[in-house]
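*Asks:* predicted model and sequence follow; I will ask about them next.
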Amino acid sequence: MSLIAVQGGATGTGTVSLVAPVTNTNRTINLPDSNGTVLTTATAGVPVNGPAFSAYQSSGQSISSSTYTKVSFQTEEFDTNNNFDSTTNYRFTPTISGYYQINAAILPSTTTTNTACSIYKNGTAYKTVVIPATNSSAVVSSVVYFNGSTDYVEIYGFLTGATPVIQNGSAFTWLSAALVRSAT
């Protein structure tokens with residue numbers, strides 16, 4: 001049987017307390033057989049309950065042919081920190097600085113010859129995927145740094161065709177993001 005030894009710091013004068021939760025259920029904590037540091041909510045770079053959301057376009061959106069147009073994602077599947085605007089600007093503005101995984105897709109519902117999907121950060125194209133094929137979906141993905149106050153992201157679509165329309169529905173035209181690492 002292994003033993004647990006609690007050893008005080010050689011020069012510290014503070015007291016560290018291990019406090020059991022209020023529970024009526026027995027709990028077991030399994031420690032790994034390795035050296036390391038315990039991660040906590042105070043550990044630099046470790047996201048804990050960071051913002052995340054998923055939204056999709058719930059009504060088809062007509063756009064001008066060969067013109068980058070902001071995609072309107074009107075329906076939120078979830079938004080853990082209320083950082084996505086699904087009614088006015090259709091943008092994600094995280095309030096926690098850090099690195100976010102951004103994913104988006106658009107699918108044309110009319111005949112097209114090119115489809116593009118772009119991540120725009122603060123109103124400027126940041127990452128773009130162009131699919132030069134008839135009626136094909138375009139998916140773009142990137143890790144993006146946000147300052148937690150003024151940075152925002154929007155998705156722009158580009159279709160070529162006589163009367164291009166972006167397909168609606170959670171499986172076809174969607175946007176999602178989640179904090180993957182805090183800025184500290």
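*Replies:* Looks like it arrived, so ask away.

*Asks:* could you use CA atoms for every contact and neighbour count after this?
*Replies:* Will do.

*Asks:* what about the strands in the chain?
*Replies:* 52-56, 61-62, 69-70, 75-79, 98-106, 114-121, 124-131, 138-146, 153-160, 165-166, 174-182 (DSSP state E).

*Asks:* which of these sits most buried?
*Replies:* Each of the strands of the chain was scored by mean neighbour count; the highest is strand 153-160, a mean of 26, by mean count of other C-alpha atoms under 10 Å.

*Asks:* which strands or helices does that one pack on?
*Replies:* Under the contact criterion of 3 or more C-alpha pairs under 8 Å, 6 or more residues apart in numbering; DSSP states H and E, strand 153-160 touches strand 69-70, strand 114-121.

*Asks:* what does that strand contact?
*Replies:* Defining contact as C-alpha atoms under 8 Å, 6 or more residues apart in numbering, one finds that strand 153-160 is touched by 63-71, 90-93, 104, 106, 108, 112-123, 175.

*Asks:* where in the chain is pLDDT low?
*Replies:* Judged against pLDDT under 70, the low-scoring parts of the chain cover residues 36-48.

*Asks:* tell me, how many residues neighbour Trp171?
*Replies:* Not Trp; residue 171 is Ala. Neighbourhood size, Ala171 [other C-alpha atoms under 10 Å]: 12.

*Asks:* in TSV, list the strands of the chain along with distance to Thr28.
*Replies:* As requested, the strands of the chain are arranged in TSV below (distance: least, C-alpha to C-alpha, whole Å):
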stretch	distance to Thr28
strand 52-56	30
strand 61-62	53
strand 69-70	50
strand 75-79	32
strand 98-106	33
strand 114-121	45
strand 124-131	46
strand 138-146	36
strand 153-160	42
strand 165-166	51
strand 174-182	28
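
*Asks:* who wins for proximity to Leu31 among these?
*Replies:* Each of the strands of the chain has some distance to Leu31 by C-alpha to C-alpha; the shortest is strand 174-182, at 24.2 Å.

*Asks:* each with direction, which strands does that closest one pair with?
*Replies:* Within its sheet, and counting by DSSP bridges, strand 174-182 is paired with strand 52-56 (antiparallel), strand 98-106 (antiparallel).

*Asks:* quick one: distance of that strand to the chain centre.
*Replies:* 1 Å (C-alpha atoms, centre = their mean, to the nearest Å).

*Asks:* cool, thanks, signing off.
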